[in-house]
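>>> here is the input, now give the coordinates:
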Amino acid sequence: MKRIGIIGVGEIGRALVTGLCEGADPSPEVFLSPRGTRATVELSARYPGAQACVDNQEVVDRSEVLILAVRREDRHAALAGLRVDDDKTVVNVMAGVTNDDLRQLLGTHAPLVRAIPLPTVRDRRSVTVTWPSHPVVNSLFEQLGGAHPVTDEAAFNVFSALTGTLTTHYAYLDTLASWAVRHGIPSEGADSYVRSLFQGVGRSLGDESHSLHQLAANHETPKGNNERVRTTWFTAANSEALYETLEDLLGDLN
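Below is the predicted model:
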């Protein structure tokens, strides 16, 4: 495996390090910055191959594949002035930052690849969308659950918009548990049951012989409880509102 540098050791950065290093023998060389942050200290202590750097330029200099995982609003402070040689491969996981914007900021001719890794890369269970397709980057994410290269940036932005629905799903589950608590169910019991219920749904999604529409149909009976909730709450108007929300988000991403 090539030497990997990660600038921005937040939730996604930590997940990437864990997915790359946990149980790996030998542990890959992963360079982190900056020295002294809690996440960097913890990761460098846990994994032999993870090394804290003095600053972001040292991360760049010591890596062959450079992953940029800082928040969009922090990119100028973290990246401006860095010298990135053209022989590096740069992976841009900053939401809403185009490769054109990044190339202008870095002033490099190195290959730039956008990617959407999810926190489940820590368990090597996340399929990561990439654009443009690049063999080194695809190989990297294949080790973390799979790579899904797309043909153009417009398609990449569609997947990016879909990713924006993730916390809405968690909030939906939290609402279900909260409703049960209102009816006297202890919070731990409500939380545990909702988790168990939808972990089962997650396992059923692994059966790709059935479409998502078919899976929904398979889990309800005519005039049953599931059909009642779906047709009463998730109406055509609500479906259209979700479409409009995604269209607005996509418009901002393009």
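
>>> contacts, neighbours, all on C-alpha from now
Fine.

>>> so, low pLDDT: which residues of the stretch 1-150 of the chain?
Applying pLDDT under 70 to the stretch 1-150 of the chain flags the ranges 35-36.

>>> what about the helices in it?
11-21, 38-46, 56-62, 75-79, 99-106, 135-142 (DSSP state H, counting those that start in this stretch).

>>> output the contacting helices and strands for the longest one.
The helices and strands touching helix 11-21, judged by 3 or more Cα pairs under 8 Å, 6 or more residues apart in numbering; DSSP states H and E, are helix 38-46.

>>> so what touches the helix it packs on?
Contacts to helix 38-46, defined as Cα atoms under 8 Å, 6 or more residues apart in numbering, come from residues 9, 10, 14, 17, 32, 33, 34, 35, 50, 51, 52.

>>> before we move on, the earlier item: right, so of the helices of the stretch 1-150 of the chain, which gets closest to residue 187?
Taking Cα to Cα, helix 11-21 is the member of these nearest to residue 187, at 26.7 Å.

>>> just the residues contacting the closest one, thanks.
By Cα under 8 Å, 6+ apart, helix 11-21 touches 6-7, 27-28, 30, 39, 43, 47, 49-50, 69, 117-124, 143-144.

>>> among the residues you listed, name the buried ones.
6-7, 28, 30, 39, 43, 47, 49-50, 69, 117-122, 124, 143-144 (16 or more other Cα atoms under 10 Å).

>>> of the residues you listed, which belong to strands?
Applying DSSP state E to the buried ones among the contacts of helix 11-21, the entries found in strands are 6, 7, 30, 50.

>>> just flag the most distant two among the residues you listed.
It's 7 and 50 that sit farthest apart of those, by Cα to Cα, at 12.8 Å.

>>> ok, the contacts of helix 38-46 vs residue 156, which is closest?
Sorting the contacts of helix 38-46 by distance to residue 156 puts residue 10 at the head of the list, at 22.4 Å, by Cα to Cα.

>>> for the residue of the chain positioned farthest from its centre, grab phi and psi.
Farthest-out residue of the chain from its mean C-alpha position, per Cα atoms, centre = their mean: residue 223, at 37.7 Å. For residue 223, the backbone dihedrals are phi 60, psi 20 (criterion: degrees, to the nearest 10).

>>> list the contacts of it.
If you count contacts by Cα under 8 Å, 6+ apart, residue 223 has none.

>>> can you list the domain ranges for this structure.
Here the domain parsing of the chain from automatic domain parsing is 4-149, 166-253.

>>> okay if I get those as CSV plus distance to residue 155?
Below are the domains of the chain laid out as CSV (distance: least, Cα to Cα, whole Å):
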stretch, distance to residue 155
domain 4-149, 9
domain 166-253, 10
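
>>> which of those sits most buried?
domain 4-149 (a mean of 19; mean count of other Cα atoms under 10 Å).

>>> what's the end-to-end length of it?
For domain 4-149, the first-to-last residue distance is 20 Å (Cα to Cα, to the nearest Å).

>>> ranges for the strands of the stretch 101-250 of the chain?
Here the stretch 101-250 of the chain has its strands, by DSSP state E, counting those that start in this stretch, at 112-116, 128-131, 147-149.
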